[in-house]
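1. I'd like to go over a predicted model; first the sequence, then the structure.
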Amino acid sequence: MGIHKRGKYWYAQFQVEGKTYLQSTKTTNKNQAQAFERKLRNEVYSREYLGDKDPVSLYDALDAFIRTKEDTKNLRCLKSNIKTVKTYFDEGEMFHSVGTPEIERFVQKRKDEGRKSMTIHHSLHVLRGAWKHAKKLGYRTIDIEWPVLRKDPGRKMYLSKEQEERLLDELHPDKIFGDGCSQSPEFWTGKKREVRQANYDFTIALLDLGCRYSEAATLEKDKIDLNNRTIELYRSKVENHSILYMTDRLYEVFKRRLSSDNGSKFIFTNSKGGPRNHSTKGIRNAMERAGLEGFRIHDLRHSLASKLVQNGMSLQEVSEILGHSNISMTMRYAHLESTETAKKARDVLNRLNQAPPKLRAV
C-alpha cells in the first residue's frame, strides 16, 4: 500500500493485523509523505506489538476530563481553571511530554505572577484530574511528582460588634448618603427601595446564618417555619441539610418578607422572580463606606464562626452550624478557641492566687 495521492495531498495507507489505517500526510511532497508513512507505521506497530499506548494532547485530555464533570456543582469553576491552564501550554503539546519539570515550571510561573497557593492549587486540580482520566482511558502518560503547595496564611477577617453596627447602618434602607436631591428618600423609586431593603435583609441572613452566598440566595419560602422559628438550609457545596434557628432580628426579616407575596418561591429574588443573582455591588459599597477595607462578603460567614467560638461554642458545634463536611475545615478558627481557653486558665489562676491562704495547725 504505502502512499498514494488523493487530490492535493499524499495519503498513507497500510494494514496491521487485518486493520486498515488511512491518514492524510497533509503534504504535497512525496519524500515527506513517505517519511510520515514510515513514522505512522512504526507507531502503530509499537502499539500493537510492544504495548505502547495511544498519545493524547493536553488540550484533548482536559476536554475529556471536563466532560466527566458535567453534572457537578462546580462545573463553571472547573471550566474557568481549564481555560487558564491552556494559556500556559501549546495547543499541540502531547500529554506524555508534560512531566514533573513542566508542572514545576508552570507552578513557578504562577507564583512569579503573584498568584496565591489556593489559586494555583485549583489549576493543578484540573491538570491532575485530566492526567488521571487519561491514564484510565489508556492513553500514554508519564509519571508526575505533583507539587505540594504550602497554604497561604488564612485571612482572619471578622467583624467586631461596632463594625457590624456600622455596616448595617450603611445598609439601612433609609440611610441617606452622597450629595444631590436624588439621595433624598422622597425621590427614590419603588425599585430602589426594594433593592436597598433586599441588601439589608440579605446581609442579616448572612450574618446570623453563617451560610454561603448561594445558600441564602436559593433559600425557598417553604423551608422557613415561622411558628418554630426554624430554617431548613440546603448546603449545595457539601450536599447536606441543616436545621437552624432564627435570631430575633432574622425572624423579623423573614416575617416581613413572607408577608409580602411576590409570587416567587424564593425569599430573595432577582427581577424575574428566580433566586437572587450574585449581586454584591450595593453591599460592597456599604462596606467601603463603613471603613471595612479589604473585607469581603464571604467574611460575614467567618464573622459568625468567630463570634460563636469566642463565646464558648466548641469547634465541633461550630462545624455543624456552618455545615462543614468535616471538622478540619473549622480548624481555621482553632486559634480563637485557644485564646478563650487561655483566658479561662488566667481567670482560674487569678481566683486561686487571690484566695486567702489556709492556716495550718503546727
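-> That came in fine, so what should we check first?

2. kindly state the domain boundaries assigned to the chain.
-> Per automatic domain parsing, the domain ranges recorded for the chain read 2-37, 58-136, 161-304+320-326.

3. what strand or helix carries I321?
-> Element membership for I321 (DSSP states H and E) is helix 315-322.

4. with just CA atoms, put that helix into CSV.
-> What follows is helix 315-322, C-alpha atoms only, in CSV (Å, rounded to 0.1, in the frame of the first residue of the first chain):
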residue,chain,number,x,y,z
LEU,A,315,-15.2,23.8,67.1
GLN,A,316,-17.4,20.7,66.6
GLU,A,317,-20.6,22.7,67.4
VAL,A,318,-19.5,25.5,65.0
SER,A,319,-18.7,23.0,62.3
GLU,A,320,-22.3,21.7,62.5
ILE,A,321,-23.7,25.3,62.3
LEU,A,322,-21.5,26.1,59.3
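
5. elements contacting it?
-> For helix 315-322, the packing partners by 3 or more CB pairs under 8 Å, 6 or more residues apart in numbering; DSSP states H and E come out as strand 240-245, helix 299-310. Backbone N, C-alpha and C define where each C-beta goes, glycine included.

6. any weak-confidence spans in this protein?
-> 1, 45-52, 73, 152-156, 178-188, 238, 329, 332, 335-340, 355-362 (pLDDT under 70).

7. tell me where this protein has strands.
-> 2-6, 9-16, 19-24, 224-225, 230-235, 240-245 (DSSP state E).

8. helices of the chain, start to end?
-> Assigned helices in the chain, in chain order: 30-49, 58-67, 75-86, 100-112, 117-136, 161-171, 190-209, 213-217, 248-259, 281-289, 299-310, 315-322, 334-354 (criterion: DSSP state H).

9. who's in contact with the shortest one?
-> Applying CB atoms under 8 Å, 6 or more residues apart in numbering, the external contacts of helix 213-217 come out as 202, 205-206, 209, 233-237, 266, 268, 275-278, 280, 297-298, 323.

10. tilt between the helix holding I321 and helix 334-354?
-> Note on geometry: by axes from the mean of the first three to the mean of the last three CA atoms, to 10 degrees, helix 315-322 and helix 334-354 are set 140 degrees apart in direction.

11. could you list the buried residues of helix 315-322?
-> 315, 318-319, 321-322 (16 or more other CB atoms under 10 Å).

12. and the contacts of helix 213-217, which of them are buried?
-> So, by 16+ other CB under 10 Å, the buried ones in the contacts of helix 213-217 are 202, 205-206, 209, 233-235, 266, 268, 275-276, 297, 323.

13. of these, closest to L78?
-> R235 (19.5 Å; CB to CB).

14. mind giving me CSV with the helices of the chain and columns for distance to Y9?
-> Formatted as CSV, those follow (distance: least, CB to CB, whole Å):
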stretch, distance to Y9
helix 30-49, 8
helix 58-67, 23
helix 75-86, 29
helix 100-112, 33
helix 117-136, 30
helix 161-171, 67
helix 190-209, 62
helix 213-217, 53
helix 248-259, 68
helix 281-289, 56
helix 299-310, 60
helix 315-322, 62
helix 334-354, 66
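
15. tell me which of those lies nearest to I224.
-> Closest approach to I224 among these is made by helix 248-259 (5.4 Å; CB to CB).

16. and the angle from that closest one to helix 190-209?
-> Using the same axes, to 10 degrees, helix 248-259 lies at 140 degrees relative to helix 190-209.

17. which strands and helices sit next to helix 248-259?
-> Using 3+ CB pairs under 8 Å, 6+ apart: helix 248-259 touches helix 190-209.
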